[in-house]
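In: The sequence and its predicted three-dimensional model are supplied below.
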Amino acid sequence: MRGYEPKILCVAQQKGGVCKTTSVLSLSAAWAMEGKKVLMLDTDPQANLTRNILDYEKVKKDISLLYRGEADIKKLITKTPYDNLYIIPTRTKLNRVENLERTLSTFNTLRKNIPLIAKRYRYIVIDTPPSLGLFTISALLAATHVLVPVQPTFFCQEGLGDLNETIRDARESNPNLKSVRYFITLYDRRTIISQDLAAVLRQQLGDKVFKTVIHKNIAVEESQYAQKTIFDYAPKSRGANDFKALAKEVEEWLENA
């Protein structure tokens, strides 16, 4: 595709429970529904993204084989039940890679392999663990953009400093990492703390924070248990509307940053 620049989006946050994996799936599904071909990479050893979209017990080839140098990335791509949406799944054994292998080659696994398949997809979206370890750094070294979900809580915002420093370090080795943006998630407008901390985040980061807010919504949680996207499970819910709006904002950023 002449003149095409791959858009490789790393979704990262060192704090768990901030709707990171759900955001990866929901954004990817929203773009796929519009006819864009999307590939998700599950690099979180918890394998929640894989469990949410595939029958986990039937997954035989996973991303740990790529990190071990035992499989071609093309052979790991799996079709999901949804049109235009693909995944490179993982299994919990990915933990062994982080425990045993931390060479320079391992950190550069995604940066070396993603370009081999990037032009097949409009967007490549990487789900990372809630940590700043091997797999998050590996994703940052391969990414062109970083998206950070931020829950309006004190501890989540306190951890942003370490994450931002890690992103800055990754940029020194990855000149293709163009831009970083943030969005507010699990927002509860009924609480003063949500309102106050969201205001503080916008004051500190300005237009780097997307306008769309992902509100707390029971349908989003239920969709995870049902192993469906929010658009499939509850297409008229507030959660579905929030993620559709966010997908439009993120897409505009990806295409223009």
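Out: Everything's here; your move.

In: and Leu65, what does it touch?
Out: For Leu65, the contact set (C-beta atoms under 8 Å, 6 or more residues apart in numbering) comprises 71, 76. For every residue, glycine as well, the C-beta is placed using N, CA and C.

In: Tell me which helix or strand it sits in.
Out: helix 64-67 (DSSP states H and E).

In: what do you get for Val125?
Out: Secondary structure (DSSP H and E) places Val125 in strand 123-127.

In: all strands of the stretch 1-150 of the chain, in order?
Out: Taking DSSP state E, counting those that start in this stretch to define them, one finds strands in the stretch 1-150 of the chain at 7-11, 38-42, 78-79, 85-88, 123-127, 145-150.

In: Which one of those lies nearest to Asn95?
Out: For Asn95, the closest of these is strand 38-42, at 13.2 Å, according to C-beta to C-beta.

In: quick one: buried residues of the closest one?
Out: In terms of neighbour count (16 or more other C-beta atoms under 10 Å), strand 38-42 has its buried residues at 38-42.

In: now swap in stretch 118-128 and tell me
Out: So stretch 118-128, judged by 16+ other C-beta under 10 Å, has buried residues 118, 121-128.

In: For Val180, which non-adjacent residue is closest in space?
Out: By the measure of C-beta to C-beta, 6 or more residues apart in numbering, the closest residue to Val180 outside its immediate chain neighbours is Val146, 4.5 Å from it.

In: That neighbour against Thr136, yeah?
Out: No: with contact defined as C-beta atoms under 8 Å, Val146 does not reach Thr136; the gap is 10.1 Å.

In: all helices for the stretch 1-150 of the chain, in order.
Out: Per DSSP state H, counting those that start in this stretch, the stretch 1-150 of the chain carries helices over the ranges 20-33, 48-53, 64-67, 73-76, 94-100, 104-107, 109-113, 134-142.

In: Touching the last one from outside, list them.
Out: Going back to what we said before, that points to helix 134-142. Outside helix 134-142, the residues touching it (C-beta under 8 Å, 6+ apart) are 8, 10, 12, 14, 41, 43-45, 67, 94, 97-98, 102, 106-111, 114, 126, 128-129, 146, 166-167, 170, 173-174, 177.

In: please redo it, this time with the cut-off set to 6 Å
Out: Contacts to helix 134-142, defined as C-beta atoms under 6 Å, 6 or more residues apart in numbering, come from residues 8, 10, 12, 43, 98, 102, 107, 109-111, 114, 126, 128-129, 170, 174.

In: Buried residues in it, which are they?
Out: For helix 134-142, the neighbour count (16+ other C-beta under 10 Å) marks 134-142 as buried.

In: likewise the fifth one?
Out: With burial defined by 16+ other C-beta under 10 Å, the residues of helix 94-100 counted as buried are 94, 97-98.
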